[in-house]
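[1] Next come a sequence and a model predicted from it.
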Amino acid sequence: GENVEQHPSTLSVQEGDSAVIKCTYSDSASNYFPWYKQELGKRPQLIIDIRSNVGEKKDQRIAVTLNKTAKHFSLHITETQPEDSAVYFCAALAGGTSYGKLTFGQGTILTVHP
Amino acid sequence: SQTIHQWPATLVQPVGSPLSLECTVEGTSNPNLYWYRQAAGRGLQLLFYSVGIGQISSEVPQNLSASRPQDRQFILSSKKLLLSDSGFYLCAWSVKGSFTGELFFGEGSRLTVL
């Protein structure tokens, strides 16, 4: 089955700096890679995703890049703000599935210091 | 609009006692339903998913079971809880058919087994 590794487990940055979280996956057939943000005590929510037919996607201050050859994808947050502090999860969806059987990474605790 | 509710929000149970967590989805029909567990400091692990009434697939061997008695109702149960069952349980749904990419999570249920 799919295996997703996420690094770092914790990340501390100053407000205004950039933050990068990286994930690797094992199943070359995986074709969809979402990122979820979970604030303390709340439910995870989708913030951005990318499909295997593109290499990069941006949405304001966040972007995701995908390297299919190397089987890794990354989340980039620019101009970080204290409200970006949360746990971020990457995930991968194996190819050929028609339901959300996502394999999640272990999560990254991002702390943005004012 | 679609909403998902799960309850109870918190639960403290002794070892060996039974468990029942309930989840309902409103505003959509025939969704795919999921139970995920989030152990402390760990990522999200898929426990069960269901593509229809009475159809349950288990992802990992465990002390838990799931049932879907109605289209938009998903129940997580145990006959005898173990200490290792402690964690944050999340119900989720996705649109039926080809996976569009987003899992919609409930508020979560925090279970502590003593």
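    Happy to help now that I have it. As the structure is a prediction and not an experimental result, all values here were calculated from the model.

[2] how about low-confidence regions in chain B?
    The model of chain B has pLDDT under 70 over residues B:41, B:97-101.

[3] swap the cut-off to 90 and go again
    Across chain B, the ranges flagged by pLDDT under 90 are B:1-2, B:28-30, B:38-43, B:45, B:58-63, B:95-103.

[4] Provide the contact partners of the lowest-mean-pLDDT helix or strand in chain A at residue level.
    Least confident helix or strand of chain A, by mean pLDDT, DSSP states H and E, is strand A:102-104 with a mean of 90. Residues outside strand A:102-104 that contact it (Cβ atoms under 8 Å, 6 or more residues apart in numbering or on different chains) are A:1-4, A:25, A:34, A:36, A:89-94, B:43-46, B:103. C-beta here means a position set from N, CA and C on the backbone, and glycine is covered the same way.

[5] Where do the strands of chain A begin and end?
    Listed in chain order, the strands of chain A (DSSP state E) span A:4-7, A:10-14, A:19-25, A:32-38, A:45-51, A:56-59, A:62-67, A:72-77, A:86-93, A:102-104, A:108-113.

[6] what do you get for chain B?
    B:3-7, B:10-13, B:19-26, B:32-38, B:44-52, B:55-58, B:65-70, B:73-78, B:87-94, B:104-105, B:109-113.

[7] Could you point out which of those strands sits nearest A:Thr108?
    strand B:44-52 (13.1 Å; Cβ to Cβ).

[8] relative to strand B:87-94, how tilted is the closest one?
    For strand B:44-52 against strand B:87-94, the angle by axes from the mean of the first three to the mean of the last three Cα atoms, to 10 degrees is 40 degrees.

[9] Report all helices and strands that strand B:44-52 contacts.
    On a contact count with 3 or more Cβ pairs under 8 Å, 6 or more residues apart in numbering or on different chains; DSSP states H and E, strand B:44-52 meets strand A:102-104, strand B:32-38, strand B:55-58, strand B:65-70, strand B:73-78.

[10] Now stretch A:10-23: buried residues?
    Neighbour-count burial for stretch A:10-23, counted by 16 or more other Cβ atoms under 10 Å in any protein chain shown, picks out A:Leu11, A:Val13, A:Ala19, A:Val20, A:Ile21, A:Lys22, A:Cys23.

[11] now swap in stretch B:76-88 and tell me
    Judged by neighbour count using 16+ other Cβ under 10 Å, the buried positions of stretch B:76-88 are B:Leu76, B:Ser78, B:Leu81, B:Asp85, B:Ser86, B:Gly87, B:Phe88.

[12] Please apply the same query to stretch B:32-51.
    Neighbour count says stretch B:32-51 has B:32-38, B:43-51 buried, by 16+ other Cβ under 10 Å.

[13] Kindly report the same for stretch A:71-82.
    Within stretch A:71-82, the residues scored as buried using 16+ other Cβ under 10 Å are A:Lys71, A:His72, A:Phe73, A:Ser74, A:Leu75, A:His76, A:Ile77, A:Thr80.

[14] okay, these in TSV with pLDDT and distance to A:Lys58 next?
    Compiled in TSV, the buried residues of stretch A:71-82 are given as follows (pLDDT from 0 to 100; distance: Cβ to Cβ, whole Å):
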residue	pLDDT	distance to A:Lys58
A:Lys71	95	22
A:His72	95	18
A:Phe73	97	14
A:Ser74	98	13
A:Leu75	98	11
A:His76	98	9
A:Ile77	98	11
A:Thr80	98	16
